[in-house]
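Q: dropping a prediction and its sequence here:
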Amino acid sequence: QSALTQPASVSGSPGQSIAISCTGTSSDVGGSNHVSWYQQHPGKAPKLLLYDVTNRPSGVSDRFSGSKSGNTASLTISGLQAEDDADYYCSSYVSTTTLYVFGTGTKVTVL
Amino acid sequence: EVQLVESGGGLVQPGGSLRLSCAASGFTFNSQEMHWVRQAPGEGLEWLSYISEDGDIKKYADSIKGRFTTSRDNAKNSLFLQMDSLRDEDTAVYYCVKEGAQEYHFDYWGQGTLVTVSS
């Protein structure tokens, strides 16, 4: 099972909106509504941002939103803030012996 | 407050063994599915293993199948990862992870424990 493909880096100025793509195949992203997104600051554990493509856990800002079309899922960060400067990973449930696959990760830089 | 605290990491020689532990608190441990995820230095996340609430069902990534074994002790609210035949490429931070109640995602992560495989 190969890692999902994400852009290595995305940048934006405070207040702007950015989108991070997560591309897989019909065996993972395309065939599953169980796509989730995680934020990781340097030296810290990942934090859940979205699950089941669009659902936000309580406590997560509504500036984070998700969507999916075909084999590609996307995370949009609206109103970019300095604290959004971090790494972001997507993940998809895969109904095989390898249950989950992560994306390659995207470094978001707030200019 | 949910807490997951890993321990047991350290330096081990190639071919050696190590046992990681994860102490869970703040939730009903015996009702939650659990996972291990690792992150090599400067790299991305890699899912490693799953264990069901009662420990009867276990799943593993191909990269560790036959070498690593996950288990749990619900009486002690603890999750374990027995790692044998360690290789250089197993060097990583290992995270204990709780599956969300709605399933198919990871809602709480431990702080991680570093395993370094080197001679």
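A: Arrived safely, thanks for sending.
Q: okay, buried residues for stretch B:81-88 please.
A: With burial defined by 16 or more other Cβ atoms under 10 Å in any protein chain shown, the residues of stretch B:81-88 counted as buried are B:81, B:83, B:86. Yep, even glycine has a C-beta here, placed from its N, CA and C like the rest.
Q: now the first one. Its backbone dihedrals?
A: Meaning residue B:81. Geometry field for residue B:81 lists phi and psi as phi -140, psi 110, criterion degrees, to the nearest 10.
Q: okay, it and residue A:100: tell me how far apart.
A: Using Cβ to Cβ, to the nearest Å, residue B:81 is found at 16 Å from residue A:100.
Q: what of the last one?
A: From residue B:86 across to residue A:100, the span is 22 Å (Cβ to Cβ).
Q: about what we covered before: give me the subset of the buried residues of stretch B:81-88 touching chain A.
A: Near chain A, judged by Cβ under 8 Å from any Cβ of the partner chain, there are no entries from these.
Q: quick check, nearest of the residues you listed to residue B:47?
A: The shortest separation between residue B:47 and any of the buried residues of stretch B:81-88 is 12.7 Å, and it belongs to residue B:81 (by Cβ to Cβ).
Q: just the pLDDT for the closest one.
A: Per-residue pLDDT puts residue B:81 at 98.
Q: so what pairs up with it in the strands?
A: Bridge pairing for residue B:81 (DSSP bridges) gives the partners residue B:20, residue B:70.
Q: dump the residue contacts of it.
A: Contacts for residue B:81 (Cβ atoms under 8 Å, 6 or more residues apart in numbering or on different chains) come out as B:19-20, B:22, B:36, B:48-49, B:68-70, B:94.
Q: buried sites along stretch B:22-34?
A: So for stretch B:22-34, counting by 16+ other Cβ under 10 Å, buried means B:22-24, B:27, B:29, B:32-34.
Q: write the ChimeraX selection for whichever of the contacts of residue B:81 are buried.
A: Listed next is the ChimeraX selection for buried residues among the contacts of residue B:81, using 16+ other Cβ under 10 Å:
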select /B:20,22,36,48,49,68,69,70,94
